[in-house]
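K.L.:
Test case, fold it:
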Amino acid sequence: MKARTYRYPWRDGNRFRLLVDGAHFFPVMLQAIHEARQYILFEMYLIESGRIADQFIEALRLATGRGVRTHLLLDHYGAGELSRHDRRRLIQAGVELVYYNPVSFGRFHGNLFRDHRKLLLVDGRVAFVGGAGITDDFDPPHHPEQGWHETMVEIRGPCVADWHNLFEKNRERWTATPLEIDLPVPEPLPDGHPGRVIMNAPARAEVKRSLLKRIRGAKQRAWIATAYFIPSRKIRRALRRAVSRGVDVRLLLPGPRTDLPPVRHAGRRYYGHLLRHGIRIFEYQPRFLHAKVLMCDEWISIGSSNIDRWNFNWNLEANQEIDDPDLLSAAKAMFDHDFGESFEYNCEAWAARPWYRRWPEWFWGIIEQWMERRTQQRRDRYGP
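P.N.:
Numbers count the residues shown, from 1 in each chain. All right, here's what the predicted structure looks like:
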């Protein structure tokens with residue numbers, strides 16, 4: 001039997017709210033935890049001890065004290081900076097801790113598979129999805145103006161049940177204890193809008209497939225914001241062909257402020273080719289751009305997935321697709337503001353770069369190509 005192209009269907013009757021930057025989305029997420037009465041499902045890649053982690057640990061501790069069942073699924077590698085003290089606080093409070101793919105010496109390739117998803121779900125009524133980790137980087141206590149630029153989306157309605165199911169399916173692989181929480185059945189909300197949950201796993205690239213379909217069908221715009229940009233040949237071709245049809249194609253990418261300069265350098269080697277084909281490239285200047293927002297005409301996709309081959313090859317990812325005019329307006333306003341705070345390259349400026357700006361792109365490009373070949377060799381030998 002042939003597998004479905006997408007695990008979850010489009011569902012009508014959802015309400016969405018765009019939340020931009022940690023100073024806005026962390027308080028809303030914490031308030032949802034404080035209002036929890038039945039259960040909390042929390043799936044997170046990056047969590048580090050600090051002020052923000054303290055706030056969430058305290059909120060979870062209080063929730064369990066009220067009798068709320070609390071399940072925390074952490075990527076083992078991404079939780080490496082969560083202190084033993086903080087782990088004990090969670091366990092002593094009654095929070096269930098489950099780790100995705102514990103890192104083990106002697107299994108190099110196996111350690112590369114990571115759970116990069118970010119999900120908070122409360123009582124089957126509201127979910128929060130996006131690209132933020134539970135770290136002070138997204139809302140620094142002393143220098144808030146340096147916080148990583150990120151987006152989360154609040155979800156209410158039938159799509160919440162699909163996020164619940166996605167969490168449960170992932171969790172059951174890493175613990176023998178069943179979740180024993182009934183799948184919620186949220187009713188379609190009045191004046192709600194269509195949405196679909198899409199996911200990415202090494203053998204199921206729904207995020208990439210959906211993005212390609214939308215770029216190929218775009219008539220007005222294809223705007224992409226991503227923290228890491230190493231596009232596949234298919235994505236590059238789709239972007240070029242969109243421009244040839246008269247589509248406004250723009251990339252919003254990190255500038256010099258980034259947590260992974262080698263990845264930025266490796267991705268920049270594609271700039272020249274893309275610029276020559278009419279694709280506009282903006283590098284965000286004020287802070288580190290960590291957002292992952294895809295927009296093609298009226299379609300929007302927000303979640304954990306970056307547009308780079310590493311994400312598609314090794315990571316569990318998940319995005320919320322949205323067809324909502326109000327959220328579209330909010331996302332477009334965010335893009336317009338961010339374009340205004342970015343440096344836009346053109347062919348002349350790109351060609352005029354000095355040699356010392358070029359060589360890191362050449363060097364890290366070679367490393368990235370070598371890693372891609374190794375990945376393909378592994379896939380050819382062992383499968384996805």
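
K.L.:
contact partners of the strand or helix carrying M334?
P.N.:
M334 is part of helix 325-340 when elements are defined by DSSP states H and E. Applying C-beta atoms under 8 Å, 6 or more residues apart in numbering, the contact partners of helix 325-340 are 16-18, 20, 149, 151, 153, 193, 223, 225, 250, 252, 282, 284, 289, 293, 295, 298, 300, 302, 322. (Each C-beta comes from the backbone N, C-alpha and C, glycine too.)

K.L.:
One more: stretch 185-197?
P.N.:
Contacts with stretch 185-197, where a contact means C-beta under 8 Å, 6+ apart, come from 6-16, 124-125, 155-163, 166, 318-325, 327.

K.L.:
which residues touch Y228?
P.N.:
Contact analysis of Y228 by C-beta under 8 Å, 6+ apart lists L260, V263, R264, G267, N306, I307, D308, W310, N311.

K.L.:
which among the contacts of helix 325-340 end up buried?
P.N.:
With burial judged by 16 or more other C-beta atoms under 10 Å, the buried subset of the contacts of helix 325-340 is 16-18, 20, 149, 151, 153, 193, 223, 225, 250, 252, 282, 284, 289, 293, 295, 300, 302, 322.

K.L.:
Spatially central, which residue of the chain would that be?
P.N.:
S304 (1.0 Å; C-alpha atoms, centre = their mean).

K.L.:
where does that one land on pLDDT?
P.N.:
Looking at S304, its pLDDT reads 97.

K.L.:
For it, grab phi and psi.
P.N.:
Torsion angles at S304 (phi, psi; degrees, to the nearest 10) stand at phi -100, psi -10.

K.L.:
From Y6, how far off is it?
P.N.:
17 Å (C-beta to C-beta, to the nearest Å).

K.L.:
Compute the distance between L120 and F282, please.
P.N.:
Using C-beta to C-beta, L120 is found at 30 Å from F282.

K.L.:
For the nearest residue to E341 once chain neighbours are set aside, grab the count of nearby residues.
P.N.:
Closest residue in space to E341, ignoring its immediate chain neighbours: P286 at 5.4 Å, by C-beta to C-beta, 6 or more residues apart in numbering. If you count neighbours by other C-beta atoms under 10 Å, P286 ends up with 13.

K.L.:
ok, now Y77?
P.N.:
By the other C-beta under 10 Å criterion, the neighbourhood of Y77 contains 18 residues.

K.L.:
That one and F113 touch, don't they?
P.N.:
No - the pair Y77 / F113 is not scored as a contact, 9.7 Å apart, by C-beta atoms under 8 Å.

K.L.:
This structure: helices as residue ranges?
P.N.:
Taking DSSP state H, the helices of the chain run over residues 22-34, 51-65, 84-93, 108-111, 159-171, 206-217, 233-244, 261-268, 271-276, 309-314, 325-340, 347-351, 355-382.

K.L.:
Comparing those by mean pLDDT, which bottoms out?
P.N.:
Mean pLDDT values for those show the minimum at helix 108-111, a mean of 70.

K.L.:
Name the residues of stretch 247-264 that come out as buried.
P.N.:
For stretch 247-264, burial by neighbour count (16+ other C-beta under 10 Å) applies to V247, V249, R250, L251, L252, L253, P254, G255, R257, T258, V263, R264.

K.L.:
Span of that stretch from start to end?
P.N.:
End-to-end span of stretch 247-264 (C-alpha to C-alpha, to the nearest Å): 25 Å.

K.L.:
Then stretch 180-195?
P.N.:
End-to-end span of stretch 180-195 (C-alpha to C-alpha): 26 Å.

K.L.:
That one: which residues count as buried?
P.N.:
For stretch 180-195, burial by neighbour count (16+ other C-beta under 10 Å) applies to P184, P186, G192, H193, P194, G195.

K.L.:
Would you mind measuring from the first one to D162?
P.N.:
When C-beta to C-beta is the yardstick, P184 and D162 sit 10 Å from each other.

K.L.:
Tell me where the model's unsure across the stretch 101-250 of the chain.
P.N.:
Applying pLDDT under 70 to the stretch 101-250 of the chain flags the ranges 106-109.

K.L.:
if you set the cut-off to 80 instead, what comes out?
P.N.:
Along the stretch 101-250 of the chain, the model assigns pLDDT under 80 to residues 105-112, 202-203.

K.L.:
Please, where are all the strands along it?
P.N.:
Counting by DSSP state E, counting those that start in this stretch, the stretch 101-250 of the chain has strands at residues 114-115, 118-122, 126-130, 151-156, 193-201, 204-205, 221-225, 229-230, 248-254.

K.L.:
got CSV for the contacts of Y228, with distance to A36 too?
P.N.:
Formatted as CSV, the contacts of Y228 follow (distance: C-beta to C-beta, whole Å):
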residue, distance to A36
L260, 34
V263, 36
R264, 39
G267, 40
N306, 30
I307, 34
D308, 35
W310, 34
N311, 30
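
K.L.:
Closest one of those to E180?
P.N.:
The closest of these to E180 turns out to be N311 (C-beta to C-beta; 32.1 Å).

K.L.:
OK, contacts around the residue lying closest to A53 once chain neighbours are set aside?
P.N.:
Sequence neighbours aside, I134 is the residue nearest to A53 in space, at 5.4 Å (criterion: C-beta to C-beta, 6+ apart). Going by C-beta under 8 Å, 6+ apart, I134 touches M44, L46, I47, E48, I52, A53, F56.
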